[in-house]
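Visitor: Fold the following and give me the result.
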Amino acid sequence: MFIKKLFTYLSLLFIFSCATEEIIKEQVYSNTNIDYLTNTKGEIVYNNFMDSDITSSLEFQLVNDINVQDYNNLIVNKADNHPVYSGERSLRFEIRKNECSSNSYFDDCSNDRARTEVYEYNRISIEPNMIQSYEYSMFLVSNEYFNPGSVNNPYSPLTVVSQIYFDDLGYEGDQKGQFYLVVDHEQNLRIRTHTPFTYNIDKQELIMIDIFDKWITVKMELDTKSNRFRLFLDGSVVFQESYNFIPEDSIDPQYFFKAGVYNSFISDAKREYRTQVIYYDNLERFIE
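Guide: Got it, this is the predicted structure:
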């Protein structure tokens, strides 16, 4: 009888311990998540910057510099309870509902947009028989939702978290996004591509679910040797397609990288935006 009671007691103690451990884990996860959403301790990025711990030899500048909030663009430290992939620092972007900013060429506020982004400043020209690639790690902080979604339009509102743009002095029109990562209305990650040198959507494919509160290592590869675009997530190819990177009438064609959060067609949202926070680390450009 004593042994039976002892066994019952130990079983209950084990179950209670496991339950307590799960509760503690949930509390730690929840508190950490809240900290990442609200922790704005860091060094403000005012315009251009290069940080060897975060961006290697790449120099970046703010896309918008008018009506920017202090917490929108920060260089942050591991010691201040921020997620860092390697080294001691990472790059943090935050944008809150009803915020918008602008630059001397474009006003997001009057064009149904909102963003906090930086773009690659020390660009290079792409050439035949060359591979230009970007590799980086990003950490999307979960909230109630990241993209508020719409009632009946799968393409808007649009929430972009990485972009590669095309620019050419001899090509008509302004700079155009060609490859970008999108958080869709189901809070999954998709790749969207455009028909070369245009604003026309070509492909939009699901590449990852369960995307929040962890580091995701991304590599975008522009291969003019085989005329293929390749996308890697955590070391595995998740998308590739044939692509003509250099137009026939090109004059100094360039592709450059943007990091941050970019929202467009925000009036199509079916509910209010929530605070969006994303971290980047180990941003590098490779040329082969």
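Visitor: For residue 284, give me its contacts.
Guide: 55, 56, 58, 134, 135, 136 (Cβ atoms under 8 Å, 6 or more residues apart in numbering). In short, each C-beta sits where N, CA and C put it, glycine included.
Visitor: how about it, secondary structure?
Guide: Under DSSP: H, G, I helix; E, B strand; the rest coil, residue 284 falls in the strand class.
Visitor: list the helices and strands the helix or strand residue 93 falls within packs on?
Guide: Using DSSP states H and E, residue 93 maps to strand 89-95. Applying 3 or more Cβ pairs under 8 Å, 6 or more residues apart in numbering; DSSP states H and E, we find strand 89-95 packed against helix 52-55, strand 73-77, strand 113-120, strand 254-264, strand 276-287.
Visitor: got the ones you listed as CSV, with distance to residue 150 and mean pLDDT columns?
Guide: Shown next, in CSV, are the helices and strands packed on strand 89-95 (distance: least, Cβ to Cβ, whole Å; pLDDT from 0 to 100):
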stretch, distance to residue 150, mean pLDDT
helix 52-55, 34, 96
strand 73-77, 28, 98
strand 113-120, 15, 98
strand 254-264, 12, 98
strand 276-287, 17, 98
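Visitor: can I assume residue 164 sits in a helix?
Guide: No - going by three-state DSSP, the assignment for residue 164 is strand, not a helix.
Visitor: Could you list everything the closest residue to it other than its chain neighbours pairs with in the sheet?
Guide: Excluding its sequence neighbours, the residue lying closest to residue 164 (Cβ to Cβ, 6 or more residues apart in numbering) is residue 179, at 4.4 Å. Counting by DSSP bridges, residue 179 forms beta bridges with residue 164, residue 193.
Visitor: Hmm, residue 179 is touching residue 190, no?
Guide: No - applying Cβ atoms under 8 Å, one finds residue 179 not in contact with residue 190, separated by 11.6 Å.
Visitor: Same drill for the two, tell me which one is more crowded.
Guide: The neighbour comparison of residue 179 against residue 190 (other Cβ atoms under 10 Å) goes to residue 179, with 25 against 17.
Visitor: quick one: the more buried one from residue 126, how far?
Guide: 13 Å (Cβ to Cβ, to the nearest Å).
Visitor: ok, which stretches of the stretch 101-250 of the chain are strands?
Guide: With DSSP state E, counting those that start in this stretch, the ranges of strands along the stretch 101-250 of the chain come out as 113-120, 131-140, 158-167, 176-183, 189-194, 201-208, 215-223, 228-233, 236-242.
Visitor: Confirm that residue 267 sits in a strand.
Guide: No - using three-state DSSP, the assignment for residue 267 is helix, not a strand.
Visitor: For this structure, give me the ranges with low pLDDT.
Guide: For the chain, the stretches with pLDDT under 70 are 1-33, 171-173.
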